[in-house]
Every structure is written in structure tokens, then in C-alpha cells.
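**Q** Below is the sequence, then the predicted model.
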Amino acid sequence: MPAISFQSVSKTYPPSRQQKAQGKPGLKAVDEVSFQIEEGEFFGLLGPNGAGKTTLISMLAGLSRPTAGAISVHGFDVQREYAQARRQLGIVPQELVFDPFFNVRESLRIQSGYFGITNNEAWIDELLQSLGLADKATANMRQLSGGMKRRVLVAQALVHKPPVIVLDEPTAGVDVELRQTLWQFVARLNKQGSTVLLTTHYLEEAEALCSRIAMLKLGKVIALDRTSELLNRQRATCCDSRPTPCCPGPSRSMRASPGASCSCRRRTPMKSNNCWPPFAKPASRWKTWKCARPTWKTCSST
Amino acid sequence: MMAVTGWRALLYKETLRFWKVGFQTVGAPVLTALLYLMVFGHVLEDHVKVYGTVGYTAFLVPGLVMMSVLQNAFANSSSSIIQSKIMGNLVFVLLTPLSHWGWFFAYVGSSVIRGLAVGLGVFVVTVLFAQPSFVAPVWILVFALLGSAMLGTLGLIAGLWAEKFDQMAVFQNFLIMPMTFLSGVFYSIGSLPPFWQKVSHLNPFFYMIDGFRYGFFGVSDASPWLSLGIVGTAWLVVSAIAIHLLRIGYKIRG
């Protein structure tokens, strides 16, 4: 049985007043998405802003309802058997939200209580220790820095020991230290058997952590494979059939990976709205950047 | 069993939330009620007798207690939900396996607790100004519980419906406040012209305060049984609406 299953899932938001007046339909944020995540997998969901990643996660979490299709967690339908499904899920939301009335330990105790777990101090202590929050246990949430609040969000998601962990862009805007702490901790949980679904903009993160990757664009899955296979295929596509970069602008020639005779050009090392995935590698590290990647950034302008 | 502890955790959290700002949520309404009593009691004590023999200050005390119970029960659930929606931390509850029944009992339960805590506070400070009598204490308890549950439920509906603080202020200031003030807190509706007496009988808040007051004096404008029937029915209706809204995730699940 898969840990998570999406079957022909679609989500169309109703049209706004303005759209209605213009006779336009509502926005289709997710379009017939189907894939499964196996138990114990570290799965990456990649895509640019507006690709539908968060909408998909929201439907998985029960925060919104699919217009069509079905989603299940360990066989429990997230709509019909929502209580069982939500017990399986630990979700780290993208937004940095917190309850200003409580301190860190109170927040974790309360969250634990929602899941019917009343005597959870040992696990709460372990979470605080593992996420570097031990000395902040009695601090009010308002007093914490953004990074610390992010750690608390992770702890809250894990407080009921869910077998499936969903991280919705957890490292957006956080420092290197937190990234390292977070990834070490999540990787450890994954090794212990937890299934992890990660949504991110950063290809490096997905490549380093995920065994499989699905790429979303405009609500559709445009690629889904093992990470290495997917990267190799894209590399091949780059070198064999698209030796010339699709992206405009200044570029540097560089050799392709060993065995390939083509040359690719590299885009200026900055994030571009025309390219996807966004290319944000510092210029000084261009040598580590194989030809596949820049050209793999399929440009919408081509 | 797990579902039971789940809603208890939400009840605990909601109670702890208002208790942590006790000066604002309990102390301030007690002081406000005390000021009402001092001003109106001082001005009217020697001029007004209610139900023939009851002094005005003694008459006013149960009305003020019940008004405080009702307003604070409403404020508790409504402010908690609208704040959580706007700040985004409602997601912590939305991600849990809590059922709509769990949400209902927790939010209404905490509203009842705050309403009764404020009511008790108002009673303790106002009792210095008028000797209380407890002719039928069971009625006092029944109407305090029903009234706070009713307003807690209305607060829950308002919190779900409102998308910004301004909308909540409309609900609070243009509906709850006038209905409480015009429900006989400060006067017996027997003193009103016939037309306004009839209008007052259409206000469910009147029956809450009148039934509550019956428990103190054994006298009221309407039969306590009639008041119980009307308030009980009204609570069942608003509860059914609130539970339905929670079940469909009205304005909280997309």
C-alpha cells in the first residue's frame, strides 16, 4: 500500500467576480494529477511559483477539497476518513505562523493533545533537543526569530510521531545552519522509516535528498522519475538534441559531462522568470554546474 | 477515547488563551459592570422600585451579571476564531483529526467558562452594593449555562463568517450589543409602553435575562418555563447552524 496516493486529482478555484463578469472560468490550479509515494520514500515535488505544489499539499492535508479525484494516506481517504488520514500526516506549513499566546513547550503540548496524546514529554524533549530548541522551551513564540519559529513549526508537525512527513518549502528564507539541522533531522527520520514529501524550489535540495522527484508546472505533472534517471534524461536531452541554450542573454561555454561531445552555454547565474527551475547558482561555482542543468531549465520563451 | 482528549486539548487551549490575558478578558468587564452599577444605582435607587418591592440596585445586579456573561461568552469564541483565521494559526487545529463536534464543544465550552468566570466576578463585586437573594438557584445556573452557551455558539458562527475585524465589529456592535441592552438589563419590560413590550418579547436575550433574574427574586416578566423553552430552542437552532458550518468547513477549508 502506498504511503500517499493521488488519483486524477484536480482543483479548480471558482472564478472571481471580475472573471465572472468577463465570462472567464476559474483558475485550474491542479489538473489531473496522479502519482503514488511509497512507504519510506523521500519524495520531492518541484515546481515554480503557481505550479500547484501548495494546492496539492493543502488537499492532502484536508485544508481544501479537490474538485475531482481522490487522495489517500496509507489507504485512508483524506475526505471520507479524514481523522485516520490526518493521524498519519505531519505537515510543516509554508507560512511562518504561530500562536502568540503560548510558549514553545505549551504549543507542542497543545498540538500533541489535539491528536489525543496527553503524556508526551519525553518525545517533546527529544524534538526540542534535536531541533536546537531546548533553551527556548519556555520562550513565548513572539520572542523567537524567524528561523526558530520555523523549527517550532517542524516540531509541531512531528509531535504526534506521524509516519508521513510533509514539508512545504521548509527552507525558504532560512539560514544555512537551520537547513543543515533540518535536513539532518529529517534524513534521520526517513532512515528510521518515515515517508517524506518535500516541496521545494531548490533543485540542489531535491537532488541531494530525494530518491524520486515529480515536477509540476501549471498544475500538471510534467516529469516523474527517480532523481538520477530524471537528471540523466534531462542531461541527455540537453546535450543530444538541444546543444544551444534556449535562454537568451550572456552565457559561458562549458563542456558537457564526460562522454558527451556537445557544448552547452550557461545562462547568467541569476534567477530568471523565463526559466524553470529558477537558476540561482553563484557565478563563482560555475565549474560544478554540468551542462545539463542550465539547458534543462526549459524556457517558457522558446 | 482519543477524540475525547482531542477536543479537551482544544478546550484547554481556548481557556488558557483567555486566562493568560485575564486583565483584559475578565478584569475589564468586571470593572465595566461595576461602573454601570455605581452610576445607575446611585441615580435611580431612590426613585425606582421594580416588581413592587425590589430596589433598583438589587434588580440591576442580576441583569448586569447576565449581560456580562452573555457579552463575554460571545467575545471568547468570536475573537479567538477571527484572530486565528487572520494570523493563520488556525491551521494548527485544521490539520488535526478533530471532528466538527470536537470543535463545537471546545469553542462553546471555553466560552461558557469565560462567561461564567466574568459573571462570577461581577457578582462578587456588585454584591457589596445590594444584598442578594437566591429564591431559585437552579434557574440561575440553568440560564447562566444556557445563555453563555447560546452566545458562545453565536460567537463561533460570527468568527467563522467574518473575514476581517471590521465585519466582526458589525456583528458585535450592531447585533449583540443592542439586543443585550434592550433585553431588560436596566429595566423591567413591564414599565415599557405595550408596543415596546411586544417588541421585547421577540428578543431572545430578554428571556435569558428574565429567566436568570427569576432565580434571584422568584418574580419575572415572563414565566421561567417559557423563557427556558424559547432559549433552549434558540440554542438548538444556532447550534445546528454552527455544527453544519463546521462540518462543511465554512470559510476555513477551501
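**A** Sure, I can see it.
**Q** Name all residues that make contact with A:F35.
**A** A:6, A:214, A:221, A:224 (Cβ atoms under 8 Å, 6 or more residues apart in numbering or on different chains). Every C-beta, even on glycine, is put in place using the N, C-alpha and C of the backbone.
**Q** can you tell me which of the residues you listed are in strands?
**A** Secondary structure assignment (DSSP state E) places A:6, A:214, A:221, A:224 from the contacts of A:F35 within strands.
**Q** Can you tell me, leaving aside adjacent residues, what's nearest to the last one?
**A** In space, and not counting its chain neighbours, A:L224 is closest to A:A214: 4.4 Å by Cβ to Cβ, 6 or more residues apart in numbering or on different chains.
**Q** Test my guess that that neighbour contacts A:R226.
**A** No. Applying Cβ atoms under 8 Å, one finds A:A214 not in contact with A:R226, separated by 11.2 Å.
**Q** and those two? which has more neighbours close in?
**A** A:A214 (25 against 12; other Cβ atoms under 10 Å in any protein chain shown).
**Q** okay, the more buried one: pLDDT?
**A** Note on A:A214: pLDDT of 94.
**Q** what pairs with it across the strands?
**A** A:L45, A:L224 (DSSP bridges).
**Q** quick one: it and A:S34, what's the gap?
**A** Shown here: A:A214 relative to A:S34, a distance of 10 Å by Cβ to Cβ, to the nearest Å.
**Q** residues contacting the residue nearest to A:L224?
**A** By Cβ under 8 Å, 6+ apart, the contact list for A:A214 reads A:35, A:43-46, A:221, A:223-224.
**Q** Got a quick ChimeraX command for the buried subset of those?
**A** Entered in ChimeraX, the line below selects the buried ones among these, by 16 or more other Cβ atoms under 10 Å in any protein chain shown:
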select /A:35,43,44,45,46,221,224
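**Q** Return the member of the contacts of A:A214 nearest to chain B.
**A** A:L45 (18.1 Å; Cβ to the nearest Cβ).
**Q** Surely the closest one touches A:T199?
**A** Yes. If you go by Cβ under 8 Å, A:L45 and A:T199 touch, sitting 4.4 Å apart.
**Q** overlap in contacts of these two?
**A** A:53, A:57.
**Q** which regions of chain B lie under the pLDDT threshold?
**A** Applying pLDDT under 70 to chain B flags the ranges B:1-4.
**Q** Could you rerun that using 50?
**A** Along chain B, the parts satisfying pLDDT under 50 run over B:1-3.
**Q** who in it is up against chain A?
**A** Residues of chain B lying close to chain A by Cβ under 8 Å from any Cβ of the partner chain are B:1-6, B:8-10, B:12-13, B:16-17, B:20-21, B:84, B:87-89, B:91-99, B:249, B:253-254.
**Q** Just the buried subset of these, please.
**A** Buried among the residues of chain B next to chain A by 16+ other Cβ under 10 Å: B:5-6, B:8-10, B:12-13, B:17, B:84, B:89, B:91-99, B:249.
**Q** ok so, going back, where do the contact lists of A:A214 and A:S34 overlap?
**A** Listed as contacting both A:A214 and A:S34 by Cβ under 8 Å, 6+ apart are A:V221.
**Q** mind listing what whichever residue of chain A sits closest to chain B touches?
**A** Proximity of chain A to chain B (Cβ to the nearest Cβ) peaks at A:G113, 2.6 Å away. By Cβ under 8 Å, 6+ apart, the residues touching A:G113 are B:5-6, B:8-10, B:12-13.
**Q** so of the residues you listed, which ones are in helices?
**A** B:5-6, B:8-10, B:12-13 (DSSP state H).
**Q** Tell me the helices and strands packed up against the helix or strand where B:V170 lies.
**A** Per DSSP states H and E, B:V170 falls inside helix B:165-171. Helices and strands touching helix B:165-171, as assessed by 3 or more Cβ pairs under 8 Å, 6 or more residues apart in numbering or on different chains; DSSP states H and E, comprise helix B:56-87, helix B:137-161.
**Q** Now do the helices in the stretch 51-200 of chain A.
**A** In the stretch 51-200 of chain A, the helices defined using DSSP state H, counting those that start in this stretch lie at A:53-61, A:82-88, A:104-114, A:121-130, A:146-158, A:176-191.
**Q** Quick one: mean pLDDT for the last one?
**A** If you average the pLDDT over helix A:176-191, you get 88.
**Q** Counting by contacts, list what that helix packs against.
**A** Looks like helix A:176-191 contacts helix A:146-158, strand A:164-168, strand A:195-200, helix A:203-209 (3+ Cβ pairs under 8 Å, 6+ apart).
**Q** Count the residues that sit near B:S148.
**A** Counted with other Cβ under 10 Å, B:S148 comes out at 29.
**Q** didn't it look like it was pressed against B:V112?
**A** Yes. Taking Cβ under 8 Å as the definition, B:S148 is a contact partner of B:V112 at 4.4 Å.
**Q** any shared contact partners between the two?
**A** With Cβ under 8 Å, 6+ apart as the test, B:S148 and B:V112 both reach B:A73.
**Q** Now do the same contact list for the nearest residue to A:R179 once chain neighbours are set aside.
**A** Distances taken as Cβ to Cβ, 6+ apart place A:T171 nearest to A:R179, at 4.9 Å, with adjacent residues excluded. The neighbourhood of A:T171, defined by Cβ under 8 Å, 6+ apart, consists of A:178-179, A:182, A:200, A:202, A:205.
**Q** Quick check, pLDDT for A:T171.
**A** Reported pLDDT for A:T171: 80.
**Q** measure it to B:V170 for me?
**A** 41 Å.
**Q** which other residues reach stretch A:135-147?
**A** A:96, A:98-100, A:102-105, A:107, A:128, A:148-149, A:152, A:173-175, A:177-178.
**Q** hmm, 6 Å instead?
**A** A:98, A:100, A:103-105, A:128, A:174-175, A:178 (Cβ atoms under 6 Å, 6 or more residues apart in numbering or on different chains).
**Q** I'd like the average pLDDT over it.
**A** In this model, stretch A:135-147 has an average pLDDT of 93.
**Q** ok, and for it, which residues are buried?
**A** Applying 16+ other Cβ under 10 Å to stretch A:135-147 flags A:136, A:140-141, A:144, A:147 as buried.
**Q** Could you identify the most distant pair in those residues?
**A** Longest distance between any two of those is 16.2 Å, between A:N140 and A:G147; criterion Cβ to Cβ.
**Q** List, one by one, the residues from chain A near chain B.
**A** For chain A, the residues in contact with chain B (Cβ under 6 Å from any Cβ of the partner chain) are A:61, A:63-64, A:83, A:86-87, A:91, A:93, A:95, A:97, A:99, A:101, A:110, A:113-114, A:116, A:118.
**Q** Any quick PyMOL command for the buried ones out of the residues you listed?
**A** Of the residues of chain A next to chain B, the buried ones go into a single PyMOL selection, burial set by 16+ other Cβ under 10 Å:
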select buried, chain A and resi 61+63+64+83+86+87+91+93+97+99+101+110+113+114+116
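**Q** Kindly state the beta-bridge partners for the spatially most central residue of chain A.
**A** Residue closest to the average C-alpha location in chain A (Cα atoms, centre = their mean): A:T199, at 0.7 Å. With DSSP bridges as the criterion, A:T199 is bridged to A:L45, A:D168.
**Q** Please name the nearest non-neighbouring residue to whichever residue of chain B sits closest to chain A.
**A** For chain B, the nearest residue to chain A under the criterion Cβ to the nearest Cβ is B:A9, separated by 2.6 Å. Nearest residue to B:A9 in three dimensions, chain neighbours excluded: A:G113, at 2.6 Å (Cβ to Cβ, 6+ apart).
**Q** What distance do you get for B:S191 to B:G41?
**A** 17 Å.
**Q** What of B:S220?
**A** With distances taken as Cβ to Cβ, B:S220 is found 20 Å from B:G41.
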